[in-house]
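Colleague: pasting the structure only:
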């Protein structure tokens, strides 16, 4: 019985998530104050956007390496701390 409630709860969350995804994916139509149906609020930009000067160095991966090491430390540190407490028990 408990397995059924667990399964039904998971199924309910999956169905609810699917409904939310479908509702979010539908293009919305907006009505104006007088009740007329308007197209979605998309705007077309006709003017060109100025491009900022490119200051990155081609082939430079210094920032990627630093962030990779930082993420690695964030992931590995709790694992090592937990392992240390396990070895005491």
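Modeller: Received the coordinates, thanks. Note that the structure is predicted; figures quoted are calculated from it, not measured.
Colleague: show me where this protein has its helices.
Modeller: 2-25, 62-88 (DSSP state H).
Colleague: could these go into JSON lines alongside mean neighbour count?
Modeller: For every residue, glycine as well, the C-beta is placed using N, CA and C. As requested, the helices of the chain are exported to JSON lines (neighbours: other C-beta atoms under 10 Å):
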{"stretch": "helix 2-25", "mean neighbour count": "9"}
{"stretch": "helix 62-88", "mean neighbour count": "9"}
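Colleague: what's the closest of those helices to residue 54?
Modeller: Set against residue 54 and scored by C-beta to C-beta, those come closest in helix 62-88, at 15.0 Å.
Colleague: tell me how far stretch 66-83 lies from the chain's centre.
Modeller: Put simply, stretch 66-83 sits 22 Å off its chain's centre (C-alpha atoms, centre = their mean, to the nearest Å).
Colleague: can you give me the mean pLDDT across that stretch?
Modeller: Per-region confidence: stretch 66-83 scores 90 on mean pLDDT.
Colleague: about what we covered before: tell me which of the helices of the chain lies nearest to residue 55.
Modeller: Here helix 62-88 is closest among those (C-beta to C-beta), at 12.4 Å.
Colleague: now the helices of the chain as TSV including distance to residue 50?
Modeller: TSV is the format used below for these (distance: least, C-beta to C-beta, whole Å):
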stretch	distance to residue 50
helix 2-25	33
helix 62-88	25
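Colleague: so which of those is nearest residue 53?
Modeller: Among these, the nearest to residue 53 by C-beta to C-beta is helix 62-88 (18.1 Å).
Colleague: just to revisit the earlier point, which one of the helices of the chain lies nearest to residue 51?
Modeller: helix 62-88 (20.9 Å).
Colleague: which strands and helices sit next to that closest one?
Modeller: Packed against helix 62-88 by the contact rule (3 or more C-beta pairs under 8 Å, 6 or more residues apart in numbering; DSSP states H and E) you find no helix or strand.
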